[in-house]
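# just coords:
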């Protein structure tokens with residue numbers, strides 16, 4: 001009788017071990033898929049620990065089931081354990097951040113990295129002006145852009161509201177002139193920037 005009980009106990013233990021092993025294999029098969037949060041080639045924001053978690057644009061280049069690999073726009077490769085992926089490490093990039101918007105008030109990603117990325121995208125497209133609502137951000141092109149300030153351009157912005165045409169200093173000048181004419185009051189423009197930024 002003792003032999004039968006021992007055999008039954010051994011069989012039960014063996015069965016439990018088989019169930020545990022099967023469950024482990026199932027987890028191994030499911031977890032990589034569950035942890036593959038981002039498709040390869042998708043754009044994300046990677047938070048750089050060494051730069052106070054500043055968000056940097058990056059591209060997903062791989063996922064081996066335990067960690068994901070990202071190619072930052074700075075040319076560096078970064079890896080993050082899948083279990084650690086979340087708002088504090090990596091987040092999906094919204095479509096509004098992918099091509100460069102004329103007005104950053106329309107960005108869905110609201111953080112410093114998104115603003116810098118948008119300005120950089122537009123700069124590479126030779127667009128030095130970008131709106132943030134009625135604020136105009138300008139980046140010094142360090143080259144002559146005569147066509148940008150031609151008589152034709154000046155005329156094109158006359159009597160146009162901000163947003164009717166691509167961002168330009170002429171749009172703000174026209175807005176100030178219109179407000180001065182309508183209110184019969186002086187207008188003020190604040191031009192701010194570090195030395196060499198191109199304020200003059």
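Arrived safely, thanks for sending. From a predicted model like this one, the values you see are computed outputs, not experimental measurements. Numbering: from 1, shown residues only.
# how much space separates residue 44 from residue 72?
10 Å (C-beta to C-beta, to the nearest Å). All C-beta spots, glycine's among them, are computed from the backbone N, C-alpha and C.
# ignore the last one, residue 168
For residue 168, the distance to residue 72 - C-beta to C-beta - is 32 Å.
# if you count what's nearby, which of those two comes out ahead?
residue 168 (23 against 15; other C-beta atoms under 10 Å).
# mutual contacts of residue 44 and residue 72, please.
Counting by C-beta atoms under 8 Å, 6 or more residues apart in numbering, the shared contacts of residue 44 and residue 72 are 57, 58.
# just the pLDDT for residue 48.
Residue-level confidence at residue 48 comes out at 93, pLDDT.
# now swap in residue 4 and tell me
33.
# what about stretch 74-85, start to end distance?
20 Å (C-alpha to C-alpha, to the nearest Å).
# and it, how far out from the chain middle?
A distance of 15 Å separates the centroid of the chain from that of stretch 74-85, by C-alpha atoms, centre = their mean, to the nearest Å.
# how about residues contacting that stretch?
32, 35-37, 46, 56, 58, 61, 63, 65-72, 89-90.
# tell me where the chain has strands.
43-48, 54-63, 67-72, 77-81, 90-92, 129-132, 135-138 (DSSP state E).
# would you turn the ones you listed into CSV with distance to residue 105?
Below are those laid out as CSV (distance: least, C-beta to C-beta, whole Å):
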stretch, distance to residue 105
strand 43-48, 19
strand 54-63, 18
strand 67-72, 26
strand 77-81, 30
strand 90-92, 20
strand 129-132, 6
strand 135-138, 9
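# so which of those strands comes closest to residue 176?
strand 135-138 (11.5 Å; C-beta to C-beta).
# for the record, mean pLDDT for that closest one?
94.
# what do you get for stretch 182-192?
pLDDT averaged over stretch 182-192 gives 91.
# how far does it stretch from one end to the other?
26 Å.
# stretch 123-136 now?
14 Å.
# stretch 143-159 too?
End residues of stretch 143-159 are separated by 29 Å (C-alpha to C-alpha).
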